[in-house]
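Asks: heads up, no residue letters with this:
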DNA sequence: TAGTGGTCTAGACCACCAA
DNA sequence: TGGTGGTCTAGACCACTAC
């Protein structure tokens, strides 16, 4: 049996073998289809996947070439904090620190706990013009994080991760020494042209973002 | 014209509208094909994409359901440091700090510079049993980073990012105050079962990993 | 065991763009 | 303007799994 995954594997092998070196053109879909004895659509399925993964560059008329610099991509999943903590086998806890409404903006500060210990500090702003319903939610019970995920789907957003030294206040909240290096993740999300929320998550000492390549 | 992207857009709209709420089953491919007036393969193409993006859960016999917790995914591209620096419009510089061969392992420490300023510190180990050729490379000229990308393709790897306080030596190298919070990225890559390299990149103060969701 | 998604085929037309 | 990838079709068979 020859399926598209077999073809993908074989093409990838030829790229790794340098049988088809970086920058070189590989045979047309029609030729490969003849060689493997499958329909062109099957070859297309395999090559499309490799192109999406960054191994190939494909252009109409110009043909398919092996990418000069195979840019590897890591997929970073962005779970709800509660799910992240419970998936690690810890008990989830939540503490609302501050809630303020200023004109069309809701500002929330909260602490997420794992087995009672500080896990992440959440500093969030929400656009009330877009999600007015959150003004009526008791954020001491349900976190803005969880509510928004369930009730305010977004179309796209930005993601940035960096390192910062803990200030005195943050250090006390997170139970670390002042100046400790903490991982900070910032996200802004939009629903089409409308800005929904901006969040800044400061994780506890030693926390890592992990994924596979 | 009705293409698979139009169907993808429409299905996504119904999910966001909660016309098809989280956890609910959506019509079969055959029904949707009839509704949109296209072939089942076209519907399949659209739904497959949404499933890969995390919006849908699909199982044979069980049908297609809207994901209960739409786990959003960010795609993190992992470029070569030189390309990353030059893409930012800065001049790339490189300085080899240490090179040691111990049995079957090559250890390299180097500094990557952007416009002459420290950009990232690289601490790397390479398995010489898998890529013996790197032993003959003049790493003072070409970075191990660049050489490996071009000559030692890997099949998979791990990725972890965290924050650390700069020690005295690192602080001096990177031109920051001792104790400054720095972003540290660790990667291990494999070619099938064979371990290739393990690298630890310590970025300069304020550096962020950025992507879109 | 029956119903669902996964995949393949042979053919077709189209969009794009290098020559 | 011709060749290449992108997409769609109608039909078919298969793999998996809830029932």
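Replies: That came in fine, so what should we check first? Remember, predicted model here, so these are calculated numbers, not experimental data.

Asks: list the buried ones in the worst-scoring helix or strand of chain A on mean pLDDT?
Replies: One helix or strand of chain A scores below all others by mean pLDDT, DSSP states H and E: strand A:72-78, with a mean of 76. Within strand A:72-78, the residues scored as buried using 16 or more other CB atoms under 10 Å in any protein chain shown are A:72, A:74, A:76, A:78. Yep, even glycine has a C-beta here, placed from its N, CA and C like the rest.

Asks: Out of those, which is nearest to DNA strand D?
Replies: residue A:72 (20.1 Å; CB to the nearest atom of the strand).

Asks: Quick check: chain neighbours aside, which residue is closest to the closest one?
Replies: What sits nearest to residue A:72 in space, not counting adjacent residues and going by CB to CB, 6 or more residues apart in numbering or on different chains, is residue B:78, at 4.7 Å.

Asks: wait, residue A:210 sits on residue B:159?
Replies: Yes. Using CB atoms under 8 Å, residue A:210 is in contact with residue B:159, at 6.9 Å.

Asks: Looking at the two, which is more packed in?
Replies: residue B:159 (21 against 13; other CB atoms under 10 Å in any protein chain shown).

Asks: per-residue confidence for that one?
Replies: If you check residue B:159, the pLDDT there is 91.

Asks: how near is it to residue A:76?
Replies: The span separating residue B:159 from residue A:76 equals 9 Å under the rule CB to CB, to the nearest Å.

Asks: and for the two, which residues touch both?
Replies: Shared contacts of residue B:159 and residue A:76 (CB atoms under 8 Å, 6 or more residues apart in numbering or on different chains): A:211, B:76.

Asks: Check the gap between residue A:166 and DNA strand C for me.
Replies: 45 Å (CB to the nearest atom of the strand, to the nearest Å).

Asks: for residue A:39, same thing?
Replies: 3 Å.

Asks: likewise residue A:81?
Replies: Residue A:81 is 30 Å from DNA strand C, by CB to the nearest atom of the strand.

Asks: Regarding the closest residue to that residue other than its chain neighbours, which helix or strand does it belong to?
Replies: Distances taken as CB to CB, 6+ apart place residue A:112 nearest to residue A:81, at 4.7 Å, with adjacent residues excluded. Assigned by DSSP states H and E, residue A:112 belongs to strand A:105-114.

Asks: Which strands or helices does that strand pack on?
Replies: Helices and strands touching strand A:105-114, by 3 or more CB pairs under 8 Å, 6 or more residues apart in numbering or on different chains; DSSP states H and E, are helix A:81-87, strand A:92-102, strand A:117-127, helix A:144-151.

Asks: Mind doing that once more with 6 Å?
Replies: strand A:92-102, strand A:117-127 (3 or more CB pairs under 6 Å, 6 or more residues apart in numbering or on different chains; DSSP states H and E).

Asks: Okay, angle between that strand and strand A:117-127 too, please.
Replies: 160 degrees (axes from the mean of the first three to the mean of the last three CA atoms, to 10 degrees).
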